[in-house]
Structure formats: C-alpha cells, structure tokens
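A.B. asks: Got a sequence here, can you build the structure:
(one chain, ligands or ions: 1)
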Amino acid sequence: MKGNLGWLWFNLMYIRRPPWDTRVSPPELHRFLENHPAGNALDLGCGTGTNLITMASYGWQVAGVEYAWRAVLIARGRLNRAGVNGKVWTGDVTVMPQVRERFDLVLDMGCYHSIPSHRRVAYRANLNRWLAPGGTYLLYAHCLAAGTSVGISEAEVDAFSPLFSLRERQDGFENEQRRSVWLRFERV
Ligand SMILES: C[S@@+](CC[C@H](N)C(=O)[O-])C[C@H]1O[C@@H](n2cnc3c(N)ncnc32)[C@H](O)[C@@H]1O
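C.D. replies: Alright, predicted model coming up:
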C-alpha cells in the first residue's frame with residue numbers, strides 16, 4: 001500500500017468498526033505479559049487501544065502511536081473510561097520525532113505488514129531508537145504471499161538481526177487462510 005493511500009484506507013475503515021477491532025487481546029500477548037515483569041510499553045498502530053488497556057491491566061505504563069484519527073479518538077476515550085493513564089500519539093510510526101522515550105516492550109499487532117516497503121527502513125530506525133537494551137519487540141504480521149505486497153518476508157525477519165535476537169517464533173494462519181507469524185525479538 002502506498003503511504004497516503006494506506007492512511008486513507010485505514011481512516012475509512014474506522015468509520016465503522018473494522019473486522020480486526022475485536023476488543024480482545026490475543027493469548028500470545030497475555031502469555032508474554034504473564035511471564036515478564038511490567039515496564040513501559042509502546043504499541044505501534046494501536047488502533048482503538050485494546051492492547052494498551054490489556055497491558056495496563058498487568059501494571060505496564062502504556063503509550064501508543066496510531067495514524068487513523070477516529071481510532072485515536074476511540075482509544076483515548078477507552079483509556080480514559082478504563083482509568084488508564086496512557087498516551088496515544090496521532091501520527092505515522094515511520095516518523096514521530098516527538099517520541100523520545102525508550103521502551104521495555106514495543107508491540108506491533110498488524111501494523112508493520114501494511115507499511116509500504118519504502119518506509120520500512122524508517123520504521124526499523126524508529127524501532128532502534130525506541131526499544132531499550134534488553135527490551136522486547138513483539139510482532140504479529142501477515143507473511144508475504146505471492147502476488148501480494150502486504151506482509152513480512154523471510155528476508156525481513158532475518159534483517160532484524162544482529163541488533164535483535166529472535167527468541168521465539170510461532171507460525172500460524174489467520175482465519176485459517178492467510179499465513180501469519182508471531183515473532184518475539186530481544187534487543188541485544
Ligand atoms: C490491522 S490494524 C491493528 C490495530 C491494533 N493493533 C489491533 O490489534 O487492534 C493496523 C493498525 O495500524 C495502523 N497503522 C498502519 N500503518 C500505520 C502507520 N504508518 N502509522 C501509524 N499507524 C499505522 C492502522 O491505522 C491500524 O489501526
């Protein structure tokens with residue numbers, strides 16, 4: 001998806017509730033939170049804030065970045081109602097110079113795979129900037145399939161090394177159709 005086209009598409013999708021906005025965090029995230037001490041977390045492409053609220057319920061200090069304006073409004077409202085003192089920045093995860101903190105956990109559920117390929121270098125540079133030494137990068141993405149441009153390739157998975165060590169990988173299928181993967185990296 002080309003940059004602005006992606007932005008437009010996601011903004012239109014949030015006029016109604018998009019299919020991915022289930023308001024339920026996946027077991028993979030719960031498992032991580034159950035097994036790691038709380039710290040501060042950044043959710044890239046946080047949508048309507050479901051995973052921010054989940055992480056906060058485990059004691060994490062949370063922040064999110066999201067470029068679909070309606071999703072940001074909904075996320076802020078939901079955080080407010082849940083009594084979560086988190087931050088939701090409006091903007092593109094490949095830009096965001098105003099995000100200057102470092103985080104123990106950077107979560108990305110479904111954002112990376114829709115970033116246009118020419119912006120992925122900038123995404124990685126930001127990830128380097130934001131993830132604290134020893135921190136975790138938890139990524140859920142669609143795998144690149146023949147004839148599509150939305151997905152992560154095996155070469156890209158490898159390219160996270162040597163700065164990031166792959167600690168866990170779980171391959172699966174979304175809706176029993178599309179190949180997908182959970183990746184847990186640790187910053188060296
Ligand atoms: C598939 S949705 C997943 C949303 C959320 N992570 C969840 O699990 O409900 C992907 C999200 O990433 C956001 N997104 C995609 N590209 C982005 C970018 N470059 N900067 C900020 N947000 C982006 C979309 O607007 C959308 O909310």
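A.B. asks: Pick out the residue of this protein closest to the ligand.
C.D. replies: Nearest residue of the chain to the ligand: residue 45, at 2.5 Å (C-beta to the nearest ligand atom). Heads up, the C-betas are built off the backbone N, CA and C, glycines and all.
A.B. asks: I figured that residue hits residue 109, correct?
C.D. replies: Yes - under the criterion of C-beta atoms under 8 Å, residue 45 makes contact with residue 109 at 7.4 Å.
A.B. asks: Output the set of residues of this protein in proximity to the ligand.
C.D. replies: Contact residues, the chain versus the ligand (C-beta under 6 Å from any ligand atom): 6, 10, 20-21, 45-47, 50-51, 65-68, 71, 92-94, 109-111, 114-115.
A.B. asks: where in the chain is pLDDT low?
C.D. replies: Along the chain, segments meeting pLDDT under 70 span 1-3.
A.B. asks: Please, where are all the helices along it?
C.D. replies: 3-13, 27-35, 50-57, 69-81, 120-130, 154-159 (DSSP state H).
A.B. asks: Quick check: chain neighbours aside, which residue is closest to the most centrally placed residue in the chain?
C.D. replies: Closest residue to the average C-alpha location of the chain: residue 108 at 1.6 Å, with C-alpha atoms, centre = their mean. Closest residue in space to residue 108, ignoring its immediate chain neighbours: residue 44 at 4.4 Å, by C-beta to C-beta, 6 or more residues apart in numbering.
A.B. asks: ditto for residue 112
C.D. replies: Residue 112's closest residue in space is residue 141 (C-beta to C-beta, 6+ apart), at 5.2 Å.
A.B. asks: which ones are touching the one you found?
C.D. replies: Residues near residue 141 by C-beta atoms under 8 Å, 6 or more residues apart in numbering: 108, 110, 112, 113, 151, 152, 180, 181, 183.
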